[in-house]
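Undergrad: Got a sequence here, can you model it:
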Amino acid sequence: MPKRALIVSVPHTHGRWSTEMFTGYRVQHHLSVGPTKRGLRYHPDVTLGEVAALAMWMSWKCSLCGLPYGGAKGGVTCDPRKMTRGELERMTRRFTQEMIPFIGPHVDVMAPDLGTNEQTMAWMMDTYSMHEGNPVPQIVTATRRAWRFGGRKEATGRGVAYLVNRTLDNLNMKSEGTRVVVQGFGNVGSITAQQLHRFGAKIIGQ
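TA: Presented below is the predicted three-dimensional model:
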């Protein structure tokens, strides 16, 4: 069971008069070894059960790698593809304000995930920093400044490609000429397809 599961209401204004209420979640699975860490996703199908499961998996991954972090996961039930940049910023800042009592560099660190990116993290960092009265860049990972060092954006897609390559080795198959279908073509899917192509695989669909 997670150590802490939070549900917050995030009001969102459409135009001048219409207001919609989104639901925001943050699950902190394990707080015994250090701050929790993992992504924040924006998707209309986000549920508490989903983020709880992903938070638990992150705890296992950190433990297996010997990292001093617990697992966490968050999300907001919205469709970022149907929202303007201004609407996304206002919603992100409001969600961050609701989370302030439960997050911090030594408590819980946010990261981008499905539907979020380095700009989302910058808004969160700015909102938290205004509350603290000084810059707190360590409240999130993958801000624009961090992404300049390279590799962060491509990391997940490359990881998928490396695991596929390793699995092919275990099956005594060669990556050259192997036909591959990639589900989705966002940040993870596009990088995965690109990396597998470099390994010699043939991308036949998505």
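
Undergrad: how about the strands in this structure?
TA: 4-14, 18-28, 36-42, 70-76, 108-112, 179-181, 202-205 (DSSP state E).

Undergrad: Low-confidence stretches in this structure?
TA: Filtered on pLDDT under 70, the chain yields the residue ranges 15, 143-152.

Undergrad: Can you point out the buried residues in stretch 181-193?
TA: Val182, Asn187, Val188, Gly189, Ile191, Thr192, Ala193 (16 or more other C-beta atoms under 10 Å). (Each C-beta comes from the backbone N, C-alpha and C, glycine too.)

Undergrad: any idea how far Arg16 is from the residue most central in space within the chain?
TA: By C-alpha atoms, centre = their mean, the chain has its centre lying nearest to Asp113, at 2.1 Å. Distance of Asp113 to Arg16, given as C-beta to C-beta, to the nearest Å: 31 Å.

Undergrad: and if you look at His197?
TA: 48 Å.

Undergrad: Settle it for me: which of those two has more neighbours?
TA: His197 (14 against 5; other C-beta atoms under 10 Å).

Undergrad: contacting residues for the closest residue to the more buried one other than its chain neighbours?
TA: With sequence-adjacent residues excluded and distances taken as C-beta to C-beta, 6 or more residues apart in numbering, His197 is closest to Ile203, at 5.9 Å. Residues near Ile203 by C-beta atoms under 8 Å, 6 or more residues apart in numbering: Val180, Val181, Val182, Ala193, Leu196, His197.

Undergrad: if I look at the most far-flung residue of the chain relative to its centre, how far off is Arg166?
TA: Distance from the centre of the chain peaks at Asn172, with 33.6 Å (C-alpha atoms, centre = their mean). Distance, Asn172 to Arg166, using C-beta to C-beta: 12 Å.

Undergrad: Greatest separation within the contacts of Ile203: which pair is it?
TA: Val181 and His197 (13.1 Å; C-beta to C-beta).
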